[in-house]
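Peer 1: here is my input; please provide its structure:
(chains A, B, C and D)
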There are 2 protein chains.
Amino acid sequence: MTTMTPDLAKQDCSDCPIRHRAVCARCEPDELERLEEVKYYRTYEAGQTVAWAGDKMDFVASVVSGAATLTQTMEDGRRQMVGLLLPSDFVGRPGRDGVRYDVVAVSELVMCCFRKAPFEKMIASTPHIAERLLEMTLDELDAAREWMLVLGRKTAREKIASLLSIIARRDAVYAPGVVRSVTFDLPLTREAMADYLGLTLETVSRQVSALKRDGVIELQGKRRVHVPDVDLLMEEAGDDSDGGLLV
Amino acid sequence: MTTMTPDLAKQDCSDCPIRHRAVCARCEPDELERLEEVKYYRTYEAGQTVAWAGDKMDFVASVVSGAATLTQTMEDGRRQMVGLLLPSDFVGRPGRDGVRYDVVAVSELVMCCFRKAPFEKMIASTPHIAERLLEMTLDELDAAREWMLVLGRKTAREKIASLLSIIARRDAVYAPGVVRSVTFDLPLTREAMADYLGLTLETVSRQVSALKRDGVIELQGKRRVHVPDVDLLMEEAGDDSDGGLLV
DNA sequence: CGCGCGCCTTGACGCAGATCAACTTTCTGG
DNA sequence: CCAGAAAGTTGATCTGCGTCAAGGCGCGCG
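Peer 2: Alright, predicted model coming up:
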């Protein structure tokens, strides 16, 4: 799993419309201006569908707030989430005609959209963005492969811990220094977590309770999670601890 | 899962050193010549390691024959295969300094290698190849996500059928027309299959026997597999049948 | 207020696949 | 051709998670 390098993270990107580091972290003023020309915003409510598999998307977008999921479904209804889109992630990447998976908002979702054609033209004319686009896709591939280990070989408890530590890690990107405790809101229902982890919602519920009972996490309400010791959580996840979340 | 379009497949690429369609199918004579300048071959025996996680690879390569696997390992030894590299697949793609996973030969493996620096220079100077490189990576991402569904939601029997149909599909690329029966050699041991599918080797063995008993596959020896009806296999895999393997 | 509904929790039980173990078949090297 | 190792098969038993079911909590709405 890749952690952001400190220098990139510290750069202030708060008003950049594309917050994904792949485009944002290094974007230069004139590129940004060109992006502004073609951008608009869209809001989706929880449960709303952004795109179905096979849709031709007429836009390219970056998640600004909330969360969306990428889901595969079998004919008999079994579902597997294959991607979790959190603020700064990309949807409808150039180079593809349509999306192959359902994209559904799991909490209120705001996306910063770009009309596809001008965006693609811009990519084509800006070599370093094209290059970062490949880098970004390779990062996603890494994440997908990391997740294959979770799905194939980890126990239910380890799966939950892995998911929590991914979200914690993402959250910690916006906090400075080396982090040892984190608090965040789970953007997912128990059912969505189950779909992500290849479990049932009952098992998710049981294991979350177990982690709480064992002091690995604390809950304020159902959704707000406090992790007193990130190292402990990562140990539960079966990952080799790398000394806290470096941010 | 993407199937090759007929016109691309029919093109004769047998003496092209990079058989992956991403580079090969559209490669033009002068590009090919430039590739020839920097290529050499390497052979690995079964079990030999091509690269460890974190290695800086000094070459970029395409699998010519045999198979290699990309594997993630946990400290306690649990393993999950996250990629299966069959003839025409790429290793050590430009844009990454090292590989992040262990690449190990599972059967005798011949790779067509390119020294990295000149290859990358060539990529940089040839826009359509750079574009195809992104396309290729997106295909891999799709495959990884497809596999997440297999790992997270399919039964042992469906998992085996899915793996067999992936290999059958790959094999059928070299045969003409719409294919309804295929024969191929499994390039994997039962243990490697288990690592790929998130199962134990005993379960793999049992389910292979079951598929044989039920007439879905026929075995000649342990490794040679004949699939009398590809549709049936795909049904067992839980995929929507798309009317045979289009080649 | 209280009714219904979505979301979550908890318990009891069953089963698919893991584990442990014995054995067979196929390779490999002398 | 044989001996030993590696790969694969098959059976018996165990267990983690799925399944089914009952109920709790919070919240919007008539």
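Peer 1: okay, now the unreliable bits of chain A?
Peer 2: Flagging of chain A using pLDDT under 70 yields the residue ranges A:1-37, A:94-98, A:126-130, A:172-177, A:240-247.
Peer 1: so the helix ranked longest in it versus helix B:127-153, what angle?
Peer 2: Ranked by residue count and defined by DSSP state H, the top helix of chain A is helix A:127-153. Between helix A:127-153 and helix B:127-153, the angle comes out at 20 degrees (axes from the mean of the first three to the mean of the last three Cα atoms, to 10 degrees).
Peer 1: following helix A:127-153, which helix or strand shows up next?
Peer 2: helix A:156-172 (DSSP states H and E).
Peer 1: elements contacting that following helix?
Peer 2: In terms of contacts (3 or more Cβ pairs under 8 Å, 6 or more residues apart in numbering or on different chains; DSSP states H and E), helix A:156-172 is packed against helix A:127-153, strand A:182-185, helix A:190-197, helix A:201-213, strand A:224-227, helix A:230-236. C-beta coordinates here come from the backbone N, C-alpha and C atoms, glycine included.
Peer 1: go again with 7 Å.
Peer 2: For helix A:156-172, the packing partners by 3 or more Cβ pairs under 7 Å, 6 or more residues apart in numbering or on different chains; DSSP states H and E come out as strand A:182-185, helix A:190-197, helix A:201-213, strand A:224-227, helix A:230-236.
Peer 1: and the longest helix of chain A, does that touch chain B?
Peer 2: Yes: using Cβ under 7 Å from any Cβ of the partner chain, helix A:127-153 reaches chain B at A:130, A:133-135, A:137-138, A:140-142, A:144-145, A:147-149, A:151-153.
Peer 1: please save the CA atoms from the host helix or strand of residue A:120 in CSV.
Peer 2: Secondary structure assignment for residue A:120, by DSSP H and E: helix A:116-125. Extracted in CSV, the C-alpha atoms of helix A:116-125 (Å, rounded to 0.1, in the frame of the first residue of the first chain):
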residue,chain,number,x,y,z
LYS,A,116,-15.3,14.7,-21.4
ALA,A,117,-14.2,16.0,-24.8
PRO,A,118,-12.4,19.1,-23.7
PHE,A,119,-10.9,17.2,-20.8
GLU,A,120,-9.5,14.6,-23.1
LYS,A,121,-8.2,17.2,-25.5
MET,A,122,-6.4,18.8,-22.6
ILE,A,123,-4.9,15.5,-21.5
ALA,A,124,-3.6,14.9,-25.0
SER,A,125,-1.9,18.2,-25.2
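Peer 1: say whether chain B is contacted by it.
Peer 2: No: applying Cβ under 7 Å from any Cβ, one finds helix A:116-125 separated from chain B by no less than 8.4 Å.
Peer 1: specify the angle between that helix and helix A:127-153 in degrees.
Peer 2: Following the same axes, to 10 degrees, one obtains 110 degrees for the angle between helix A:116-125 and helix A:127-153.
Peer 1: chain center to helix A:116-125, what's the gap?
Peer 2: Here helix A:116-125 shows a centroid-to-chain-centroid distance of 24 Å under the convention Cα atoms, centre = their mean, to the nearest Å.
Peer 1: returning to that earlier point: can you list the helices and strands packed on helix A:156-172 in JSON lines and add mean neighbour count and distance to DNA strand D?
Peer 2: Converted to JSON lines, those look like this (neighbours: other Cβ atoms under 10 Å in any protein chain shown; distance: least, Cβ to the nearest atom of the strand, whole Å):
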{"stretch": "strand A:182-185", "mean neighbour count": "16", "distance to DNA strand D": "13"}
{"stretch": "helix A:190-197", "mean neighbour count": "22", "distance to DNA strand D": "7"}
{"stretch": "helix A:201-213", "mean neighbour count": "16", "distance to DNA strand D": "3"}
{"stretch": "strand A:224-227", "mean neighbour count": "18", "distance to DNA strand D": "12"}
{"stretch": "helix A:230-236", "mean neighbour count": "20", "distance to DNA strand D": "13"}
